[in-house]
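K.L.:
Based on what follows, work out the 3D shape:
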Amino acid sequence: KRYGCRYIGSAGTLMLALTPFVFFHSTIAYANLPMAFYYTASVIYLYQFFQDNNRAFLILSSILVGVGYWTRPDGLIWLFPNLAVLIIYALRRKQWLEPILYLGPILAFFVPWSTLTKYINHWSSPYLGYALKSIRQLFTLDIEISRMQGILHYFYQQIQDYSIWGYVWPFFFFILILYSTRIRKYSYLLALIGLDILILFFIFYTAPETNNMGLNWWLRTG
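P.N.:
Down below sits the predicted model:
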């Protein structure tokens, strides 16, 4: 609505609400949809900061990433695309304080929640261990090719099957083609989208295969 008009904003919201995959997840108790909401909102506010250089939007984006960390065990990993693009922005503008400001509200959520779960509830997410193991595999080139092929096939099915995402993917690629001559103007937003896809791929790659929950189970439910 801010960049177009209220009719375009309303039409986009309606299309997203009627997307089969999103609609289905709004009817179940999974944390996927709230996490998607918090993170997407954080990206919108971060992009608004890139446009206006208004730190209020930077703080809002940081708070939403922090809330997202509470929502899912892998929530903190979504900080990295935002922080990476923000650091590039800060280097180009020579505004060194912005990345530090961005981390402040996130730590206000991260520190008490981590302390509560580890020292009071005596529970910690195993996700960090799986993530570090996968990073080590990537750096040592000890990559599970069959696993990567399975994830790529899953992404291909997601794009191809209209009963899952409706017309979101064709519309997305159409918009990319339409704005291909203005890539420089939207470079920060495109960088965020590209890094988000890589992070999503990484999350699936690090999914543990325990308790009869193999890769296919994680792909179906994640």
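
K.L.:
Just the buried positions in stretch 26-35, please.
P.N.:
For stretch 26-35, a neighbour-count test (16 or more other Cβ atoms under 10 Å) marks 31-35 as buried. Where C-beta positions appear, they are placed from N, C-alpha and C, glycine not excepted.

K.L.:
Report the distance from that stretch to the chain centre.
P.N.:
Stretch 26-35 sits 15 Å away from the centroid of its parent chain (Cα atoms, centre = their mean, to the nearest Å).

K.L.:
circling back: turn the buried residues of stretch 26-35 into CSV, including secondary structure.
P.N.:
CSV is the format used below for those (DSSP: H, G, I helix; E, B strand; the rest coil):
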residue, secondary structure
Ala31, coil
Asn32, helix
Leu33, helix
Pro34, helix
Met35, helix
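
K.L.:
Reformat these as JSON lines; add distance to Trp165 and pLDDT.
P.N.:
Formatted as JSON lines, those follow (distance: Cβ to Cβ, whole Å; pLDDT from 0 to 100):
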{"residue": "Ala31", "distance to Trp165": "20", "pLDDT": "81"}
{"residue": "Asn32", "distance to Trp165": "14", "pLDDT": "81"}
{"residue": "Leu33", "distance to Trp165": "14", "pLDDT": "85"}
{"residue": "Pro34", "distance to Trp165": "19", "pLDDT": "87"}
{"residue": "Met35", "distance to Trp165": "17", "pLDDT": "87"}
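
K.L.:
show me where the protein has helices.
P.N.:
6-17, 20-25, 32-52, 55-71, 79-93, 97-115, 127-139, 145-160, 162-165, 168-178, 187-205, 215-221 (DSSP state H).

K.L.:
Nearest approach to Asn121 belongs to which of these?
P.N.:
Across these, the minimum distance to Asn121, taken as Cβ to Cβ, is reached by helix 97-115, at 10.0 Å.

K.L.:
Who are the packing partners of that closest one?
P.N.:
When contacts are defined as 3 or more Cβ pairs under 8 Å, 6 or more residues apart in numbering; DSSP states H and E, helix 97-115 sits against helix 55-71, helix 79-93.

K.L.:
What lies in contact with it?
P.N.:
The set of residues external to helix 97-115 that reach it, using Cβ atoms under 8 Å, 6 or more residues apart in numbering, is 55, 58-59, 61-63, 65-67, 69-70, 76, 79, 82-83, 86-87, 89-90.
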